[in-house]
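Novice: need a structure here:
(3 chains)
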Amino acid sequence: MEQLLSYGWTTVALPLAVAVVVALTGRLTGRLTPYVAAVAPAWVLLYGAVALSSAIDAPGVLASGRTTWLAEAGLSVGWAVDGLTALMLVVVGLVAMLVMVFSAGYMAGESGLARYFAALSLFTASMSLLVVADGFVGLFIGWELVGVCSYLLIGFWFTKPAAAKAAVKAFLTTRVGDVGMLLALALLWREVGDLSYEAVFAAAGGIAPGVLTAASLLLLVGAIGKSAQFPLQIWLPDAMEGPTPVSALIHAATMVAAGVFLIARTWPLFSLSADALAVTLAIGGFTAVAAAAAAIAQRDIKKVLAYSTISQLGFMFAALGAGAWEAAVFHLVTHAAFKALLFLASGSVIHGSGTQDLYEMGGLMRSMPVTGVTWLLGAGALAGVAPLAGFFSKDEVLHAAWSADPAWAVVLFVASAFTAFYTARTTRLAFFGEYRGSGHPHEGGLDMRAPLLVLGAGAALLGFFGGPIAELAGGHHGELDLTVAAVSSVIALVGLAAGWVSARGATAPRDEAPYARALEWGAAGWKADAAVDSLLVRPVNALSRVLDARVDRGVVDRLAEGSAVLARRLGSGLAALQSGDAQWYAIMTGAGAVALLALVAYLGRGL
Amino acid sequence: MSLLVLTMGLFSLGLYGVLTRRDLVAVLASIEVMLGAATLLLVGLAAAGTPAGPSEGAVEATGVMIIVLAAAEAAIGLALVISVAKRFKTTRVDDLAEVKG
Amino acid sequence: MTVASLIFILLGAVATIGAVMTVFARDVTRMAIGLGTFLVAVAGFFVYWGATFLGVAQLFVYVGGVLVLVLFAIMLVHRNPEGSPHLETRHDVSALAVAGGLFIMVVMALRDDVPASVDQGISSGPQELAEAFLGPMLTHFEIGGVLLLAVLVAVVVIVGGEER
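Specialist: As a prediction, this is how the structure comes out:
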């Protein structure tokens, strides 16, 4: 078994090969395509599990390999597997596999499935690369590739304008973050000369504080983009235009977690900058509460989950900022389980009831029991109900925040309250009460139910593995803080009750209701899109109009045309010399002769 | 020095005429002026006793040769002018400049 | 002022007037007269300087031959019932510049090589001429003959050929 570990690069190569195969043969394999593609994440999972079992006993790097490409420049690409990597591989592999199986049912009958599964496989490969990379170069390559896959998958139904726009928006917004990351890499490369983790972490102590903070903050910018934190959160709600399984995999469990992973992975560097940590805490806290508030106001079930994801990622960032990166990783793992579960369950709901609007659902617990029960497990975990997974991981996060900065801890408690609120509200609106829609809701097939059950088990049980997870991540595990646990449980119950009650009417709030305006703002994500539009989009458009008129047409075109005009004038001017007038030629000859004489005189005797 | 100025002045006058006159015959006449001026300079230099030159007989002989050449050139030139005038009915330079073929 | 310089000035003036008339005259006849004047003045210079044979040759060939040729050409070519035709000059700054430039250049190039006065003259007569032509300049002499023959034939061809 141990021998397997030396083939770590296959976690990237195999999914890549599968992606190519699926892309080429997808038409032929038809209904088997999802299972062909699922080989990729299955392998990643297998490898990850083996690595995990080895890593529990032996901390540190288990296996590694490196190419010599650009090695002298310090830009080599290689892989290294340690506990954290193994953990991530298991998460990625398992969730990806379950998503592919789920997609077999959810996406049945859609066209372009070869493209779909090829992109999912490519995503698996990219995510593997991101987590197994032994240096920033490999990380960055994987980072960019997952962004590409996200674009491809959000825009899967590219004929739908909203989807195409959402894909571009996602790509561009994360790109903004990527610029920051690239600058960080440049900075580090200049300081250290070698972008492998080994080299950078070894040199971290010697880097000047200012540079260190700058690099850390720039890495944070990259993480903010990928993990949809403020102010780059605007792409995630729109990304819900993609198929729901995609949302489960990419925008809940894995890609968005890459930001958290980044900071966890570069902890030896990041933790040295107190300023960067403070900023991370602030951003995480603010995003957590603002997104949770926005989630309350949504009526699309997927949008609720999207804002919820943003909020939960905020929790993870806050944990990082508070210095408890093990807590962040723990929450990352539990969140992957219960959020993927919630998304897939919502996919089942959408598939079965034909709508995404909460006000057109209701009573689905009766018509879709498996979905309903597993949803409850996920929702409970999200709200932090003991003894489900989310309770334990959130507890650690809150504990860490309280130790670092009580003010932000309070903010996170408020966010927890909101979380419970929207969770209960959504649950009641969708699964309880009378059915308000017009279709015939039904449960999905086995391929859709099985993943739900697996993830449901995870949401229920993962909480007890906090210790091993923390050790795998390379840190230590704090004991359960009973005070925090008690407070958060009370808050959760209060929030749940309030949310439950608010869903009683099961109708959209009337326009005259006092909180209608706030709801409208919340539903629009606190008008973030409008802000971006007026702050960025309008000025840029205006500027480009001005530039087009003044510069492009005024200067550049004039230059281009001007050179043509000049050539023409020069040509016709010179043509006049060829007049056919012999005397004119004689004048020219004479002039030449005089000039030559003058030249000779000047050079020679000096008249 | 005065010889030089006079001769070169005459030469330049003739040159100006060659470059500027609008009638073929006039151009030919100006060419004759140039030739005459050049011969004048040649013989004048000899007459001024420029040392290390050819023998005086050679100078005079050269002068005769120049005259021969001038005559030959004038003959051919004027023959051409007559031929052109017969063909194109004009000896105006401006009109002839447009002629093709 | 010596007699020599007076004669020089006189002859020079006549030559200049003749040249100016040749180059600038509007009237063909005036141009012809001007050319004739110029050529005679040049012959006068030759004689004054002692190159008698040359001066005579100048008169015979140039004035008696070339000038007559020009006059015949004028008569043949300019058949204008309204009297003598109008000759134009296209005055041109560039032509002036070229002519003037050449003048300046050559004068400046040669001024140191020209002796101050032209008083000595040459003493050359048929004897010396013959010695030159049949001596160092024999080639020139022979080629000159051939040239004249060729010109004779050429003229007949150019002018007479088309009427066959």
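Novice: longest helix in the chain, please.
Specialist: Assuming you mean chain A. In terms of residue count, the longest helix belonging to chain A (DSSP state H) is helix A:161-192.
Novice: could you do chain B instead?
Specialist: The single longest helix within chain B, with elements called by DSSP H, is helix B:56-88.
Novice: how about it against chain A, any contact?
Specialist: No - among the residues of helix B:56-88, none lie within reach of chain A under CB under 8 Å from any CB of the partner chain; the closest is 12.4 Å away. Just so you know, the C-beta spots here come from the backbone N, C-alpha and C atoms, and that holds for glycine as well.
Novice: buried residues in that helix?
Specialist: For helix B:56-88, a neighbour-count test (16 or more other CB atoms under 10 Å in any protein chain shown) marks B:56-75, B:77-85 as buried.
Novice: list the contacts of A:L472.
Specialist: Taking CB atoms under 8 Å, 6 or more residues apart in numbering or on different chains, we find A:L472 in contact with A:L52, A:A55, A:I56, A:G83, A:L84, A:A86, A:L87.
Novice: in three-state terms, how would it be classified?
Specialist: Classification of A:L472 into helix, strand or coil gives helix, according to DSSP: H, G, I helix; E, B strand; the rest coil.
Novice: pLDDT score assigned to the residue lying closest to it once chain neighbours are set aside?
Specialist: Across the structure, with CB to CB, 6 or more residues apart in numbering or on different chains as the measure, the residue nearest A:L472 apart from its sequence neighbours is A:G83 (3.6 Å). The per-residue pLDDT reported for A:G83 equals 84.
Novice: just the element for the residue sitting nearest the centre point of chain C, please.
Specialist: The residue lying closest to the centre of chain C (CA atoms, centre = their mean) is C:L39, at 5.2 Å. Of the helices and strands defined by DSSP states H and E, C:L39 is found in helix C:28-48.
Novice: could you confirm whether that helix reaches chain B?
Specialist: Yes - when contact is scored as CB under 8 Å from any CB, part of helix C:28-48 falls within range of chain B: C:V28, C:M31, C:A32, C:L35, C:F38, C:L39, C:V42, C:F45, C:F46.
Novice: what's the next secondary structure element after that helix?
Specialist: helix C:52-57.
Novice: tell me which strands and helices that next one is in contact with?
Specialist: Using 3 or more CB pairs under 8 Å, 6 or more residues apart in numbering or on different chains; DSSP states H and E, the elements in contact with helix C:52-57 are helix B:56-88, helix C:28-48.
Novice: now that helix: average pLDDT?
Specialist: For helix C:52-57, the mean per-residue pLDDT is 90.
Novice: ok, and what's touching whatever helix or strand comes next after it?
Specialist: Next in sequence after helix C:52-57, counting helices and strands by DSSP H and E, comes helix C:68-77. The contact list for helix C:68-77, computed with CB under 8 Å, 6+ apart, reads B:25, B:28-29, B:32, B:74-75, B:78, B:81-82, B:85, B:91, C:28, C:32, C:35.
Novice: same deal with stretch B:76-91?
Specialist: Counting by CB under 8 Å, 6+ apart, stretch B:76-91 makes contact with B:23-25, B:28, B:31, B:95-96, B:99, C:69-70, C:72-73, C:76-78, C:151, C:154-155, C:158-159, C:162, all of which sit outside it.
Novice: quick one: the helix or strand bottoming out on mean pLDDT in chain C to helix C:28-48, angle?
Specialist: Among the helical and strand segments of chain C, the one scoring lowest on mean pLDDT, DSSP states H and E is helix C:68-77, with a mean of 78. What separates the directions of helix C:68-77 and helix C:28-48 is an angle of 170 degrees, with axes from the mean of the first three to the mean of the last three CA atoms, to 10 degrees.
Novice: of the contacts of helix C:68-77, the lowest pLDDT goes to which?
Specialist: Across the contacts of helix C:68-77, the bottom pLDDT score, 75, is held by B:T91.
Novice: for that residue, which non-adjacent residue is closest in space?
Specialist: In space, B:T91 is closest to B:L24, 4.3 Å off (CB to CB, 6+ apart).
Novice: so the one you found sits against B:A97, correct?
Specialist: No - under the criterion of CB atoms under 8 Å, B:L24 lies out of contact with B:A97, with a separation of 11.4 Å.
Novice: skip the chain neighbours and tell me the closest residue to the residue in chain B that chain C sits nearest to.
Specialist: Closest approach between chain B and chain C, counting by CB to the nearest CB: B:G57, at 3.0 Å. Distances taken as CB to CB, 6+ apart place C:E128 nearest to B:G57, at 3.0 Å, with adjacent residues excluded.
Novice: from B:L3, how far out is the closest residue to chain B within chain C?
Specialist: Among the residues of chain C, C:E128 lies closest to chain B, at 3.0 Å counting by CB to the nearest CB. Taking CB to CB, to the nearest Å as the criterion, C:E128 is separated from B:L3 by 22 Å.
Novice: confirm that A:P387 sits in a strand.
Specialist: No - A:P387: not assigned to a strand; according to three-state DSSP it is coil.
Novice: which strand or helix spans residue 35?
Specialist: Looking at chain A here, since you left the chain open. Applying DSSP H and E as the criterion places A:Y35 in helix A:33-37.
Novice: right idea, wrong chain: chain B
Specialist: When elements are defined using DSSP H and E, B:L35 is found to belong to helix B:24-47.
Novice: related to what we said a few turns ago, how many neighbours does the residue nearest to B:G57 have?
Specialist: Here the number of neighbours of C:E128 (other CB atoms under 10 Å in any protein chain shown) works out to 20.
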